[in-house]
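**Student:** Provided below for reference: sequence and predicted model.
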Amino acid sequence: MGEIKVLPDVEALTSKALEVIIAAAQSAIQDRGQFSMALSGGSTPETVYRALAAPENRTRLDWAHMHLFWGDERHVPPNHPDSNFRMVKEHLLAVVPIPDENVHRVPAEMEVRMAAFHYEEVLRQYFDGEWPRFDLVLLGMGEDGHTASLFPHSAGLNEEQRWFIANYAPKRKDWRLTLTKNAINAARNIIVLVLGDVKADRLRKVLTGPEKPEDNPIQLIRPSDGQMVWLLDREAAKYLPDDLRG
């Protein structure tokens, strides 16, 4: 399950996420000379990216030794309004002094399966070992219990070999590109951001209910050799029992 921290509002949640990211980056660069992070799309991480780009925060990071990847992406061109890359570029990449070669974008303008194979090769060229060892993976949770682009009852939930796949979302009736559960679980650190009362009931089911990963794919996220922290605002956490509201 990992550690659970309940924060009073979006500002406090963003501040806590910022501190975890900066600490992980500084530690990784000091120990291994570089920091690798898989980014998430959505409105909640957008606030984190804006905070990272703020002058008082971006100067705390050695951007020349940071490598940014994407945990998932929509099957759209990089300038499309729905593109996760476009959102990150607008709020973070356009502001911070990160070298272009350190930004590893999913080529989502390609045919969807080719895009997935191409991006897996990018990951395999960067990481050694059986699985990618991200220093940090940033995740959210959808109202349906999905995370990254691992959707309920989608074929990608059963993938055991690949790092990055094209995954069809049955209810949404569209294709997404995503890290697999095993690739995510190999990370040194995982942050899950959950915000708002619309997710409160699902969060309660995920954290206190039976294990039903086909219905709640985020239950598949359990780091094999790393740390996981849930950062929740009070509204998202309102149905959790007191012993989980750390």
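**Tutor:** Cool, got the structure.

**Student:** okay, CA-based contacts and neighbour counts for the rest of this
**Tutor:** OK.

**Student:** how many residues are close by A186?
**Tutor:** Applying other C-alpha atoms under 10 Å, we find 23 residues neighbouring A186.

**Student:** could you number the chain from 26 rather than 1 from now on?
**Tutor:** Taking 26 as the first residue, the last one we looked at is A211.

**Student:** pLDDT score for it?
**Tutor:** On pLDDT, A211 comes in at 98.

**Student:** show me the shaky parts of this protein.
**Tutor:** Applying pLDDT under 70 to the chain flags the ranges 271.

**Student:** what about the helices in it?
**Tutor:** Taking DSSP state H, the helices of the chain run over residues 35-57, 68-78, 80-83, 109-113, 137-151, 206-210, 225-233.

**Student:** with distance to G251 added, can I get the ones you listed in CSV?
**Tutor:** Shown next, in CSV, are the helices of the chain (distance: least, C-alpha to C-alpha, whole Å):
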stretch, distance to G251
helix 35-57, 12
helix 68-78, 21
helix 80-83, 25
helix 109-113, 25
helix 137-151, 19
helix 206-210, 8
helix 225-233, 19
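
**Student:** CSV for the ones you listed, including mean neighbour count and distance to P242?
**Tutor:** Shown next, in CSV, are those (neighbours: other C-alpha atoms under 10 Å; distance: least, C-alpha to C-alpha, whole Å):
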stretch, mean neighbour count, distance to P242
helix 35-57, 17, 22
helix 68-78, 20, 19
helix 80-83, 13, 33
helix 109-113, 23, 20
helix 137-151, 17, 20
helix 206-210, 25, 9
helix 225-233, 18, 9
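
**Student:** and these: which comes nearest M91?
**Tutor:** Proximity to M91, assessed across these by C-alpha to C-alpha, is greatest for helix 35-57 (7.7 Å).

**Student:** and the angle from that closest one to helix 68-78?
**Tutor:** 60 degrees (axes from the mean of the first three to the mean of the last three C-alpha atoms, to 10 degrees).

**Student:** one step back: any idea which of the helices of the chain gets closest to W95?
**Tutor:** Between W95 and the helices of the chain, the tightest spacing by C-alpha to C-alpha is seen for helix 109-113, at 7.8 Å.

**Student:** of all the helices of the chain, which lies closest to F159?
**Tutor:** Closest approach to F159 among the helices of the chain (C-alpha to C-alpha): helix 206-210, 8.0 Å.

**Student:** tell me how far that closest one is from the chain's mean position?
**Tutor:** Distance of helix 206-210 from the chain centroid (C-alpha atoms, centre = their mean, to the nearest Å) equals 11 Å.

**Student:** can you pull out the residues in contact with it?
**Tutor:** 156-159, 162, 182, 184-185, 188-189, 245-251 (C-alpha atoms under 8 Å, 6 or more residues apart in numbering).

**Student:** one more: stretch 98-112?
**Tutor:** Taking C-alpha under 8 Å, 6+ apart as the rule, stretch 98-112 contacts 65-67, 71, 95, 97, 130-134, 137, 174, 200-203.

**Student:** for it, list every residue counted as buried.
**Tutor:** E98, R99, H100, V101, P102, P103, D107, S108, N109, F110, R111, M112 (16 or more other C-alpha atoms under 10 Å).

**Student:** now for those, which pair is the farthest apart?
**Tutor:** Among those, H100 and M112 lie farthest apart (C-alpha to C-alpha), at 14.3 Å.

**Student:** for W156, see how far away the closest residue in space to G170 that isn't next to it in sequence is.
**Tutor:** Excluding the flanking residues, the one nearest G170 by C-alpha to C-alpha, 6 or more residues apart in numbering is N241, at 4.4 Å. Using C-alpha to C-alpha, to the nearest Å, N241 is found at 23 Å from W156.
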